[in-house]
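Chemist: I need the structure of the sequence given here:
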Amino acid sequence: MSTPAANTDPAELAKFGSHAARWWDASGEARPLHDLNPVRAAWIAARMSLQGARIADVGCGGGLLSEALVARGAQVTGIDLSSELIEVARLHLYESNLSVDYRVSSAEDLARGEPASRDGACCLELLEHVPDPAALVQALADLLKPGGKLVLSTLNRSPQAFVGAIVGAEYLLRLLPRGTHHYARFIRPSELAGMLRAAGLELVELAGLGYEPFTRRAWVSARVDVNYIALARKPE
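Modeler: Sure thing, here's the model as predicted:
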């Protein structure tokens, strides 16, 4: 299993850090995240009791999901290894008037320092950017209290995802900078289920996430062939 330092891709950190200043620009590089965020936050809120819950938002970026969960009553610790993104997230709190505990940290470090401390954890669009996603899933499991819930989202390693998330989004429509995704790192749902089992978690639910870039409409669907979201639970 990778150490926390080894389970990081410096090129990925630099790539996302370079967009930090425009993270909250709903028409910038993070545009699809802005469009997907309300749908994903609502999906999470329907499956986790957020009021007063201690939630870790792992790979929080500039804080889109963290702020959405705090607005629903959660106590959120948002972590990311990009100091540029954490700085942007902290600065945005002056505009939103919300309170989030943002830290430059890995999931492994947080889990080692505060094991079994969170009612829930979210890790969206990060698994496909780390060298060892199974190690990250294990760290997320270690963070959870017994009965805690975990929400993950990632991309399926399928022809549809290659066409939609790379050819379409990066090259044709230019919704994302070229090189945002690497197809070999996409994760099939069966592979994610195996990682969850190995970490002692139970897969509870799997759903697809649809996105129409021209209308900027996002929705939950039954199709998991491109982008999908999963709910897992740590046994009592």
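Chemist: starting at the chain centroid, how far to the helix-or-strand element of the chain with minimal mean pLDDT?
Modeler: Lowest on mean pLDDT, DSSP states H and E among the helices and strands of the chain sits helix 159-161, with a mean of 73. The chain centroid and the centroid of helix 159-161 are separated by 20 Å, computed with Cα atoms, centre = their mean, to the nearest Å.
Chemist: Quick one: list the elements packing against the helix or strand just after it.
Modeler: On the C-terminal side of helix 159-161, the closest following helix or strand by DSSP states H and E is helix 189-198. Where contact means 3 or more Cβ pairs under 8 Å, 6 or more residues apart in numbering; DSSP states H and E, helix 189-198 is packed against helix 133-143, strand 202-212, strand 227-233. C-beta coordinates here come from the backbone N, C-alpha and C atoms, glycine included.
Chemist: Just the buried positions in helix 189-198, please.
Modeler: Residues of helix 189-198 classed as buried by neighbour count (16 or more other Cβ atoms under 10 Å): 189, 191-193, 195-196.
Chemist: pLDDT and distance to D225 for the residues you listed - can I get that in TSV?
Modeler: Converted to TSV, these look like this (pLDDT from 0 to 100; distance: Cβ to Cβ, whole Å):
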residue	pLDDT	distance to D225
P189	96	9
E191	97	14
L192	98	14
A193	98	16
M195	98	19
L196	98	20
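Chemist: Do I have it right that S96 meets E67?
Modeler: Yes - the pair S96 and E67 passes the contact test of Cβ atoms under 8 Å, sitting 5.5 Å apart.
Chemist: And for A21, the neighbour number?
Modeler: Residues within reach of A21, counting by other Cβ atoms under 10 Å, total 15.
Chemist: contacting residues for it?
Modeler: Counting by Cβ atoms under 8 Å, 6 or more residues apart in numbering, A21 makes contact with 84, 88.
Chemist: switch to 6 Å and redo it
Modeler: By Cβ atoms under 6 Å, 6 or more residues apart in numbering, A21 lies in contact with nothing.
Chemist: What are the phi and psi values at it?
Modeler: In terms of degrees, to the nearest 10, the main-chain angles of A21 are phi -60, psi -20.
Chemist: now it: how far from L150?
Modeler: A21 is 31 Å from L150, where distance means Cβ to Cβ, to the nearest Å.
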